[in-house]
Structure formats: structure tokens, C-alpha cells
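> This is the structure alone, sequence omitted:
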């Protein structure tokens, strides 16, 4: 009788709390990888500008770095969380991705304004209206979150599929945003230098691929940790 009373307190007595801990670890890993992705993207953009003999001022580099890392952190964390939840229902993955992208954009823009104010600089006018960008971001990362959630729900996740998903989203939406930015700059008689146009295209097209890689790496590490934990019992 005593054994039957003690048994529920043994291993596996709290599967929900264990699942919650695993989910928190996954979100934390996505967050750290998203920060690394933000630094990598800014380094890539800076390299392109230097190669094109268009090196920005150090203060501008700092502002763009803070804005880029903030954007990367919030949007990839949102997509990663949506993918984890979307393994049960993929539509939730898309919904969370659609919500996180405009939110991340707003937070990143707010961070940029704080940095500009702190450094006593002037704010560059936005070429494409923020409302338009917000709608496009919601569609872009909502669809990306839905696609990654579907891939994550499969028994075997292939790296190539995640890369293709990010590349498809980047080509369609990132290419569209880049073209829209160039067209809007031309319509407003705003001088958009070639290095800036190239940097915009790289950021818009390459970033979704990086975000998909962040989700894939997190998924693989999480699955391997579960496998190791299962072998130890």
C-alpha cells in the first residue's frame, strides 16, 4: 500500500512541469541565437558598406546595431515560440509569428529613437510608411512561422527544408520590401545610395533564412537533449 502511494512521486510524476521547463529552455536558446543572428547580420551589412567605400559613422553603427539586435531578438523569439506551440497546431505558429513581427518592429524603432535622442542626433525620415511595413511584416513572419511549425511537426526535420522556407519568404517578401523601398525613395526624391540599397536587400532577404536556421538549430538541440535524457533513465 505504501509503495502504491509513493509511486506517483517518482520519475515522470510531473510531466507538465517538465514540458514547461523544456519549452522555457527552447525559448531561451532561441533568444540567445537570435541575438547572435542580429550581430551577424549587422556585421554582414557593415562589411558590404565598407567594401562599397561607404563606411558609416561609428554612432550610426551603434544605433543600427542596437536596432538590429532588438528586432532580431523579438521577432525570432516570437517565431521560435510559435514553432514550439505550433507543433500541436500549426495555425498558432503562424498567428504568433504574425503578432511578433509588428511588435518587434515597433520595439526596435522605439529603441532607435531612444538611442538617437541619447546621442543627440537627427532621426532619418522613414521611406516606407510604418503601417505598410507592419502589415507586410505580419504577413511575412506569420507565413514563416506557419511553415516552420509544419516542418517542426514532422518526425524528421531536414536542414534544407528550413533553409528553403526562409529563402522563399525572403525572396518574396524581402525582395518586395526592397523594391518598395527603392520605388518609394525615387518617388520622394530621396537619395538612396547603392550601398544602402544593397544593405537593405541583404537584410530583408537573408534575415528570414537566418531566423529559420535559429529555429532549426534549437529544434535539433532540443530533440537530442530529449534523446539523451531518455537514454539515462
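Structure's in. What do you need? Since the structure is predicted, the reported quantities are computational estimates derived from the model, not experimental observations.

> what about the helices in this protein?
Secondary structure of the chain (DSSP state H): helices at 2-6, 15-51, 58-86, 90-118, 130-152, 159-169, 175-187, 194-232.

> isn't residue 205 right up against residue 171?
Yes. Contact criterion CB atoms under 8 Å: residue 205 and residue 171 qualify, at 6.4 Å. (Each C-beta comes from the backbone N, C-alpha and C, glycine too.)

> Give me the more crowded residue out of the two.
More neighbours surround residue 205 than the other of residue 205 and residue 171, with 20 against 14 (other CB atoms under 10 Å).

> For that one, give me its contacts.
Going by CB atoms under 8 Å, 6 or more residues apart in numbering, residue 205 touches 170, 171, 174, 175, 178.

> Could you rerun that using 10 Å?
Each residue near residue 205 by CB atoms under 10 Å, 6 or more residues apart in numbering is listed here: 166, 167, 169, 170, 171, 172, 173, 174, 175, 177, 178.

> Now the spatially most central residue of the chain. Nearest residue, chain neighbours left out?
Central residue of the chain (CA atoms, centre = their mean): residue 76, 2.5 Å from the mean position. Sequence neighbours aside, residue 34 is the residue nearest to residue 76 in space, at 3.5 Å (criterion: CB to CB, 6 or more residues apart in numbering).

> What separation is there between the residue nearest to the centre of the chain and residue 62?
Residue 76 is 21 Å from residue 62, where distance means CB to CB, to the nearest Å.

> The residue nearest to residue 134 when sequence neighbours are not counted: how many residues sit nearby?
Distances taken as CB to CB, 6+ apart put residue 102 closest to residue 134, at 4.2 Å, once the chain neighbours are dropped. When neighbours are counted by other CB under 10 Å, residue 102 registers 20.

> unless I'm mixing things up, residue 102 is touching residue 71, no?
No. Residue 102 lies out of contact with residue 71 (CB atoms under 10 Å); the separation is 11.2 Å.

> Mind listing the shared neighbours of those two?
Shared contacts of residue 102 and residue 71, counting by CB under 10 Å, 6+ apart, come down to residue 137.

> what about residue 26, how many neighbours?
Residue 26 has 20 neighbouring residues, counting by other CB under 10 Å.

> The residue nearest to residue 76 against residue 212, yeah?
No. Residue 34 sits out of contact with residue 212 when judged by CB under 10 Å, with a separation of 11.9 Å.

> any residues in contact with both of those two?
Residues touching both residue 34 and residue 212 (CB under 10 Å, 6+ apart): 76, 79.

> hang on, the earlier thing: check contacts around the residue nearest to the centre of the chain.
With CB under 10 Å, 6+ apart, residue 76 has these contacts: 30-31, 33-35, 37-38, 97, 100, 104, 141, 207-208, 210-215, 218.
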